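Asker: Just a sequence and a predicted model for now, questions to come.
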Amino acid sequence: MQKTIQHIYDLLPCELKNAPVFKDLLNSNRILYDFGNTLNIQGRVVHSFGAVESQELRILYLAVFLADQFLPTKKRDEWLKKISNRSRHQDYLFEMRPLLELKAGSTAEHEVLKDQNDEEGKNIDWKIQNGGLTVLLEMKNRIKPMINHLEDIMRVDQDYYDGIPASQIKPATPPSNVKSLFRYRDEKVEDKFIDRKNKKCLQGVWINTLISEDQKKLKDYFDEQIDSQKIQFVILSGWEDQARILTRERSQKFVLSDLFGLTETSIKNSSRH
């Protein structure tokens, strides 16, 4: 094991090797590292844990280990360069999440063209195959809902500071902008996929939201707003094995749970890695 840890450390970009490491005394003595940009919300710097700034060292080593195990050397090295990007560091780490408990006998190909005849050259994060099943999967690490929630909390704080009576201050509530999980600016996540009618090929997206989401609004949006010919499932989970899985057919939940080693639950995905 010690040799494996040393091997993973040797693979890390220099920027990450030099990142400060410390113990989180308030939360089970987790080992964290600082590698990310602080949030600037309404002109105020906000230090965060588990979102963009302080991360759990275990997840970094786990992601690098998975990349080393599954990716060809060239693609692994390309990915290692990407994780030195402070702004998107956690996005790239999260790309390795499907490999964590991937069913034995599966093959996984990273960044594949959505279609060989696709002139635009858009890539899908993963093509995973097991037996006669093919899964095309996009990975999304969404922090916008958390930022919106922090903005709401800071609004309450400012109102109190300005002397507004507590009875007149609207309390902060968890945001519920489900659409933002599936869109970034003008791009919809289903735009990455082509129409598929082959039931042995499932297409979907795995999202880490970092915050609670309204379960009914999620399901309604999935059922009514997402193109069912392009996306057949949505997995909501972080690095834990508990997941909320939305599918077009009930049997697909069992297939995906078995493939990725997930436990289906109605509880929101954890914001803690």
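Answerer: Here it is on my side, so go on.
Asker: In terms of secondary structure, what does whatever helix or strand S251 lives in contact?
Answerer: Taking DSSP states H and E as the criterion, S251 maps to helix 250-260. The contact analysis (3 or more Cβ pairs under 8 Å, 6 or more residues apart in numbering; DSSP states H and E) places helix 250-260 against strand 133-141, strand 201-208, strand 233-236, strand 242-247, strand 263-264. Just so you know, the C-beta spots here come from the backbone N, C-alpha and C atoms, and that holds for glycine as well.
Asker: Using a markdown table, lay out those strands together with distance to K81.
Answerer: Converted to a markdown table, the helices and strands packed on helix 250-260 look like this (distance: least, Cβ to Cβ, whole Å):
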| stretch | distance to K81 |
| --- | --- |
| strand 133-141 | 18 |
| strand 201-208 | 22 |
| strand 233-236 | 27 |
| strand 242-247 | 30 |
| strand 263-264 | 34 |
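Asker: Could you tell me the angle between the helix holding S251 and strand 242-247?
Answerer: Relative orientation of helix 250-260 and strand 242-247, computed by axes from the mean of the first three to the mean of the last three Cα atoms, to 10 degrees: 140 degrees.
Asker: Show me which residues of helix 250-260 are buried.
Answerer: By 16 or more other Cβ atoms under 10 Å, the buried positions in helix 250-260 come out as Q252, K253, V255, L256, S257, L259, F260.
Asker: can you tell me which of these lies nearest to K197?
Answerer: Q252 (14.5 Å; Cβ to Cβ).
Asker: Quick check: pLDDT value at the closest one.
Answerer: Q252 is assigned a predicted lDDT (pLDDT) of 95.
Asker: Find the residue closest to it in space, skipping its chain neighbours.
Answerer: For Q252, ignoring the flanking residues on the chain, the nearest one in space by Cβ to Cβ, 6 or more residues apart in numbering is F233 at 5.8 Å.
Asker: What is the burial count for that neighbour?
Answerer: When neighbours are counted by other Cβ atoms under 10 Å, F233 registers 21.
Asker: my guess is it contacts L202, does it?
Answerer: Yes - assessed by Cβ atoms under 8 Å, F233 is found in contact with L202 at 6.0 Å.
Asker: intersection of neighbour lists for the two?
Answerer: By Cβ atoms under 8 Å, 6 or more residues apart in numbering, F233 and L202 have these common neighbours: Q252, L256.
Asker: Show me which residues of the helix or strand harbouring K216 are buried.
Answerer: Assessed by DSSP H and E, K216 sits inside helix 215-224. Across helix 215-224, burial judged by 16+ other Cβ under 10 Å covers L218, Y221, F222.
Asker: quick one, helices of this structure?
Answerer: Assigned helices in the chain, in chain order: 2-11, 14-17, 57-70, 73-82, 89-94, 144-161, 179-182, 215-224, 250-260 (criterion: DSSP state H).
Asker: Okay then, goodbye and thanks.
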